[in-house]
Each structure stands twice: as structure tokens, then as C-alpha cells.
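K.L.:
this one's structure only:
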């Protein structure tokens with residue numbers, strides 16, 4: 001574990017330790033990792049807790065060993081036994097697809113306890129947003145869960161104040177969309193997809209935007225609001241969705257067919273069934289089962 005230091009905190013010392021682990025596992029010497037940014041001696045001092053690096057130097061040497069920030073953050077959080085943002089996203093997404101109500105309830109209960117224990121903490125805002133998000137996801141499976149007016153107001157206030165939308169914020173909007181009124185949902189979606197957003201071309205952010213817009217299309221279709229649904233379908237159709245994101249492309253085909261069926265095109269049901277068959281062929285059985293249930297309900 002980390003040796004205690006009067007000069008630096010446990011978290012600061014952990015950064016050097018995790019970097020050293022990555023460097024060695026990747027087969028880079030200290031001189032190779034330091035490159036032209038810092039001296040090998042400076043890097044050695046950083047790895048051994050004698051000094052810390054500026055953000056600029058740290059990002060540069062991280063690139064020198066071919067490690068991105070998500071990989072580093074994940075390892076750092078596991079070392080410090082903290083909750084990683086990406087793991088939290090995946091944990092909730094998997095529980096939702098699997099219809100694992102017990103897991104989602106446990107997440108909601110854990111966040112409720114954190115809010116009760118840290119009611120005056122600076123992290124309360126973060127915990128409250130996580131709680132709202134988890135409860136909203138659970139509501140898809142258990143209708144006894146819903147967002148209160150105060151929670152919706154808190155959520156909207158947070159989203160409207162955003163100047164830059166990140167992956168967390170994008171997922172938050174998509175997973176809570178069903179509780180927002182239609183006008184606010186349209187306005188917030190327009191802000192999220194605005195060309196002025198500097199992070200929108202980062203692959204994982206772009207994928208999050210696509211996934212969230214797909215969710216929002218369904219919300220509008222379910223509400224019978226076809227004009228905004230069509231608007232966002234056209235937005236995705238004009239977006240360069242890479243073939244890497246085959247699942248998102250297939251979901252767009254399915255959502256468009258679902259929209260067309262709701263508008264009265266009976267043949268669109270055949271397209272929906274074709275999408276379900278593709279998912280089965282790819283062994284995506286959990287998602288396929290969701291679609292099978294939806295198609296069965298339509299046909300009744």
C-alpha cells in the first residue's frame with residue numbers, strides 16, 4: 001500500500017504508483033516514458049512519491065506509454081477502492097438490460113444512504129444526481145419508482161446550467177428523459193447536440209449522444225409526439241455513425257420502423273422483426289428479448 005507522507009495526500013501518491021505500474025507493464029523504461037517532457041530523475045521522484053507533476057507534464061508522459069485517461073482513472077479508482085464512473089455506467093446499464101430489479105434497488109438504497117450520511121458534504125450534488133439517475137432507470141422495470149417534482153426540478157436546473165456536456169450528463173438526460181416535460185426535453189436535447197459542444201467529436205461522447213437521442217426518440221414516439229421524434233431521427237440519419245457502432249445503427253433502423261409503424265405503416269413491423277432476428281443471429285439475446293416482448297404487445 002501507499003506509505004504515508006506529510007507532504008502529499010494518499011490520492012496524490014497513488015497517481016505516481018499507478019503510473020509506474022502501467023509503465024512497467026507496457027515495457028517502457030523511465031527514460032522512454034519521460035521522453036522530452038521531464039528528466040528520468042524527475043519521473044523517478046514522481047513514481048516514488050517524492051514529487052508530483054503538473055497536469056501538462058502528466059498528460060504528456062501518459063501518452064508516452066500509450067495509456068489514455070479512462071484506463072488510468074479506472075486503475076487509480078480500483079487502487080483507491082473508489083467508484084469508477086465508467087464502471088458505474090456499465091453496472092446500471094447491465095442491470096437494466098438484464099431486468100435485474102434487485103441490483104438496481106441496491107444501487108438506489110446505497111445512494112440514499114450516502115445522501116443521508118453526507119447531507120452537508122460537497123459531494124451531495126453528485127450523489128443526488130446519481131440517485132435520480134438510478135431511480136429513473138429502475139422506474140422502467142418497477143413503476144412504483146418515479147421522480148418527484150423536486151427531483152425533476154433539481155435535474156433540470158443542473159442540465160440547463162451546463163455549458164459543456166460530457167458523457168455523464170448525456171447519459172443522465174437520456175435515462176431520465178421520460179420524466180421531463182416535452183418542451184424542456186426538446187430544448188435540452190437541442191443543447192446537447194449543438195455543434196458548439198467541443199467534446200461532441202470524441203468517439204465515446206459521440207456514441208453517448210447517439211444512444212441518448214435514440215432513447216429520446218422512443219420517449220417522443222410513445223407520447224405520440226411525432227414531429228420532434230422525426231426531427232431527431234433526421235438528425236441521426238445525417239450523422240456519420242461509424243460502422244464500429246453497428247448496434248446503434250441497427251437501433252436507429254428499429255426506432256425509425258417503430259416510428260413509422262406508430263404513424264400507420266403496417267409494413268414497418270416487418271423491419272422491426274428483421275432487427276430482432278439480426279440481434280438473435282448476433283447472440284444479443286437480452287436485447288432481442290426486449291424487442292420480442294415489444295413486438296408481441298404490438299401484435300396483440
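P.N.:
That came through fine. These numbers come from a predicted model, not from an experiment. Numbers count the residues shown, from 1 in each chain.
K.L.:
From residue 109, how far out is the nearest residue to residue 92 once chain neighbours are set aside?
P.N.:
What sits nearest to residue 92 in space, not counting adjacent residues and going by CB to CB, 6 or more residues apart in numbering, is residue 137, at 5.6 Å. C-beta here means a position set from N, CA and C on the backbone, and glycine is covered the same way. Residue 137 is 14 Å from residue 109, where distance means CB to CB, to the nearest Å.
K.L.:
More neighbours: which of the two?
P.N.:
Neighbours were counted for residue 137 and for residue 109 using other CB atoms under 10 Å; residue 137 has more, 20 against 12.
K.L.:
you'd agree residue 252 is up against residue 237?
P.N.:
Yes. At 7.4 Å, residue 252 counts as touching residue 237 under the criterion of CB atoms under 8 Å.
K.L.:
of the two, who's got more company?
P.N.:
The neighbour comparison of residue 252 against residue 237 (other CB under 10 Å) goes to residue 252, with 21 against 10.
K.L.:
tell me the contacts of residue 249?
P.N.:
The contact partners of residue 249, taken as CB atoms under 8 Å, 6 or more residues apart in numbering, are 241, 243.
K.L.:
try residue 100
P.N.:
The contact partners of residue 100, taken as CB under 8 Å, 6+ apart, are residue 94.
K.L.:
now do residue 124
P.N.:
Shown in contact with residue 124 (CB under 8 Å, 6+ apart): 115, 118.
K.L.:
Per-residue pLDDT of the nearest residue to residue 32 once chain neighbours are set aside, please?
P.N.:
Excluding the flanking residues, the one nearest residue 32 by CB to CB, 6+ apart is residue 64, at 7.0 Å. pLDDT recorded at residue 64 is 94.
K.L.:
shouldn't residue 64 be in contact with residue 33?
P.N.:
Yes. With contact defined as CB under 8 Å, residue 64 counts as touching residue 33 (5.2 Å).
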